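>>> 3D model of this:
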Amino acid sequence: MTAWTTSRSHQRWLHTESLRLLAFGRGAVPTSGGAGWLDDDGVVDPTRGVFTWITGRTAHVYALGHLLGVPGAGPVATRAIAALSTALHDDDFGGWYASLAADGTPDTTKSAYAHAFVVLAASTATVAQIDGARALLDDALAVLDERFWDPAAGLSADEWDRTWTTLDPYRGVNANMHTVEALLAAGDATGDVRWYERAAMIADHVVGWAAANEWRIPEHFDAAWAPQLELNADRPDDPFKPYGATIGHGLEWARLLLQVDAALPGRAPATLVPAALALYDGAVRDGWAVDGAPGFVYTTDWAGAAVVHTRMHWVVAEAIGAAAALHQATGDPRYADDYARWWDYAGEFLVDHERGSWHHELDTSNTPSAEVWPGKPDLYHAFQATLLPLLPLAPGLAVAVRDGLTIR
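Residues are numbered from 1 along each chain as shown. Predicted structure coming up:
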């Protein structure tokens, strides 16, 4: 049988799925006020307000759609970029609010996580020549550099108050992970290699922490970057700061390490590629079908035992991207086999063939649930899973799509 990774029919299916996802979310940004939280039918839930991270992800996805030549995608990206430049931007103190409540009241927290998605959105939209994107990118990179980057640590801080007066002592790997993704995109959009180099610096720290913990990545740290391994043990299914090791992040980092290595050929830390293999293998070992049912559990403890068994859609999307990247980097057929296995699971349990998009959360019987992620908030993880298998490890998605750099 022809491997899915080289099958033209599978490539056509990926393109069809990307178009189906774009159709589902086309109403996510009805105005320049930002992207809404989508319900199970792709309708904005007005009670949830507008989040900067969702707006950034939506701008990124629809700018990619515009680069793919999908009619109507460009206007969605344009409205999302406009929202990041106006409604969600703090004109008084700089940077971006975390969110706007349904009544328009801002959450004035300045988080590295949200700012990373502003950089990602502006980078992709710059490549797509969306109005206002380059000015937004210059602003966002300056804020990321001046406010969040800690040169002594070689890592990003996590959260400030509105006036940039008080820095929260919490430090996190999640924000740094998305900062790596954003910096790679920024390097592509600007041609400035220092953003790749900064991404490599962050990645090298994470590899060291993971290697010291049997390839389970510590997620939470104090202000001195000492791991806080028991943080949130009392609320282990937190959507952003769960207790223990997060399976999906092991998979996501595996792909990102390969992309950092490809962005800096011959100059990236030599540890990145072997670490990518180890992270992927560890996540699959600890996370896949460990409770007798197919699917990845959400989190484990530090011995690898499952803690939160809920299946999140984004974890499978990242498994797809990681397997595709590892197959491209190594040629090892076992990654092609995994790739098909992860897509089979997604097609059977996650892809909503009736109402559109993907179920964002499943319970242990692989039935849709909504304990952590109600509705279908955004398209980012699923959409990227349809593009990553078709494109090289470097440059990133936007430039690769623009320049037609398919690997098949």
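>>> switch to C-alpha atoms for all contacts and neighbour counts from now on
OK.
>>> what about the nearest residue to R162 once chain neighbours are set aside, how many neighbours?
The shortest distance from R162 to any non-neighbouring residue, by Cα to Cα, 6 or more residues apart in numbering, is to T108 (5.2 Å). For T108, the neighbour count with other Cα atoms under 10 Å is 19.
>>> show me what contacts T108?
If you count contacts by Cα atoms under 8 Å, 6 or more residues apart in numbering, T108 has them with W96, Y97, A98, S99, D161, R162.
>>> Show me just the buried residues among these.
W96, Y97, A98, S99, R162 (16 or more other Cα atoms under 10 Å).
>>> Just put the residues you listed in TSV and tack on secondary structure, pLDDT and distance to A306.
Converted to TSV, those look like this (DSSP: H, G, I helix; E, B strand; the rest coil; pLDDT from 0 to 100; distance: Cα to Cα, whole Å):
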residue	secondary structure	pLDDT	distance to A306
W96	strand	99	36
Y97	coil	98	35
A98	coil	98	31
S99	strand	98	32
R162	coil	98	37
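>>> circling back: could you measure from the residue nearest to R162 over to H15?
39 Å (Cα to Cα, to the nearest Å).
>>> Okay, strands next: where are they in the stretch 51-200 of the chain?
Along the stretch 51-200 of the chain, counting by DSSP state E, counting those that start in this stretch, strands occupy 99-100, 106-107, 110-111, 149-150, 155-156, 159-160, 171-172.
>>> Partner strands of the fifth one and their direction?
It refers to strand 155-156. Partners of strand 155-156 in the sheet, by DSSP bridges, are strand 149-150 (antiparallel).
>>> what sits up against the strand it pairs with?
L155, S156, A157.
>>> From those, pick the one nearest A73.
Proximity of these to A73 (Cα to Cα) peaks at S156, which lies at 32.0 Å.
>>> got a list of what D90 touches?
Contacts of D90 by Cα under 8 Å, 6+ apart are W96, Y97.
>>> Mind doing that once more with 6 Å?
W96 (Cα atoms under 6 Å, 6 or more residues apart in numbering).
>>> on that earlier part again, need the buried ones among the contacts of T108 in CSV with distance to V284, can you?
Listed next are the buried ones among the contacts of T108 as CSV, based on distance: Cα to Cα, whole Å:
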residue, distance to V284
W96, 36
Y97, 36
A98, 33
S99, 34
R162, 40
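>>> Report the two of those separated the most.
S99 and R162 (12.3 Å).
>>> Can you identify each of the strands in the stretch 251-400 of the chain by residue range?
Using DSSP E, counting those that start in this stretch, the strands of the stretch 251-400 of the chain run over 299-300, 306-308, 311-312, 361-362.
>>> I'd like the average pLDDT over the third one.
What it means is strand 311-312. For strand 311-312, mean pLDDT is 98.
>>> So A223 sits against L167, correct?
No - taking Cα atoms under 6 Å as the definition, A223 is not a contact partner of L167, at 9.4 Å.
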